[in-house]
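**Student:** give the three-dimensional model of this entry:
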Amino acid sequence: MLDGAVVGTLATVTPDGAPWVVPMLYARVDDVIILHGSTGAGALREVRNGAPAALSVIMLDGIVVADNLFNHSANYRSAVVHGTVHDVTDDVYALEAFSDVLVPGRSGEVRDMTRKERAATATCALTVDRWTVKVRDAPPSRPDTPEGWAGVVPLRTVTDAPIPADWIEGDTPVPDSVQKLVAEGASYLHAPQSAWR
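**Tutor:** Here you go, the predicted model:
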C-alpha cells in the first residue's frame with residue numbers, strides 16, 4: 001500500500017500540545033519509512049526528538065458517479081501508520097534509497113553530496129508500530145429504480161516528456177533513469193485495476 005504513493009502527511013503533537021501536520025515526500029525501505037528535509041526547517045524538528053508520529057497516505061483511484069447525490073463517492077486506497085521517528089545511522093544509504101524510490105536508478109548517476117549538503121539535510125526513519133488500511137474499489141450502489149447514468153471515472157498519475165532546467169544545454173542527454181521513469185513509470189505510478197470490473 002505504501003509503495004503506491006510518495007507523498008504523505010506527517011502529523012504529531014508539539015511539546016506545547018499544539019497539533020502539527022505537514023505534507024512531505026517519503027519512501028518505504030524495508031520495514032521503515034524514510035523522511036527527509038532541511039535541518040533548518042521545522043518539517044522534521046518536532047518528530048526527530050522521538051515524538052510519536054503518524055503518516056497518512058491516500059491514492060485516489062476514481063470518482064464514483066451515481067444517479068443521485070447520496071451515492072456519489074470515490075475509489076481510493078489509504079493507509080495511516082503510527083510510530084516514532086529517529087535519525088538514521090547511515091544517512092547516505094537512506095538518501096540513496098529515498099532517491100531510487102522516486103526515480104529508480106538515479107542515485108548511481110549523480111555526484112556525491114558535499115559535506116555542506118549532508119549537514120543541511122535531515123534524514124529520519126519512521127518505525128511503524130501499528131497501521132490502518134482503508135480501501136474502496138466498487139461501482140456506485142445500485143438504486144431500486146435507476147434514473148440515469150452511473151459509473152466510475154478512473155483517475156491515474158502518468159509521466160510526461162521530461163522538461164530540462166533552463167540552464168541545461170541542448171545537447172545534454174536525458175539520463176537513463178529519467179528515460180526509464182518516463183517509459184515505464186515507478187511503483188507509485190501503477191494503480192491497481194479495479195477488482196469489480
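**Student:** what lies in contact with the helix or strand bottoming out on mean pLDDT in the chain?
**Tutor:** Every helix and strand of the chain was ranked by mean pLDDT, DSSP states H and E. The lowest is helix 45-48, at a mean of 76. Residues from elsewhere that reach helix 45-48 (Cβ atoms under 8 Å, 6 or more residues apart in numbering): 10, 12, 14, 20, 35, 53, 85-87, 122, 124, 126. In this view, the C-beta of every residue, glycine as well, is placed from N, C-alpha and C.
**Student:** C-alpha coordinates for it, PDB please?
**Tutor:** Output of helix 45-48 as PDB, limited to C-alpha atoms (Å, rounded to 0.1, in the frame of the first residue of the first chain):
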ATOM      1  CA  ARG A  45      12.300  19.000  14.000                       C
ATOM      2  CA  GLU A  46       9.100  18.200  16.000                       C
ATOM      3  CA  VAL A  47       9.300  14.400  15.300                       C
ATOM      4  CA  ARG A  48      13.100  13.900  15.300                       C
END
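**Student:** could you identify the helix or strand that succeeds that helix?
**Tutor:** strand 52-65 (DSSP states H and E).
**Student:** average model confidence for that following strand?
**Tutor:** Strand 52-65 shows an average pLDDT of 95 in the prediction.
**Student:** give me the helices and strands touching it, please.
**Tutor:** When contacts are defined as 3 or more Cβ pairs under 8 Å, 6 or more residues apart in numbering; DSSP states H and E, strand 52-65 packs onto strand 7-13, strand 73-87, strand 121-136, strand 151-154.
**Student:** done for today, thanks.
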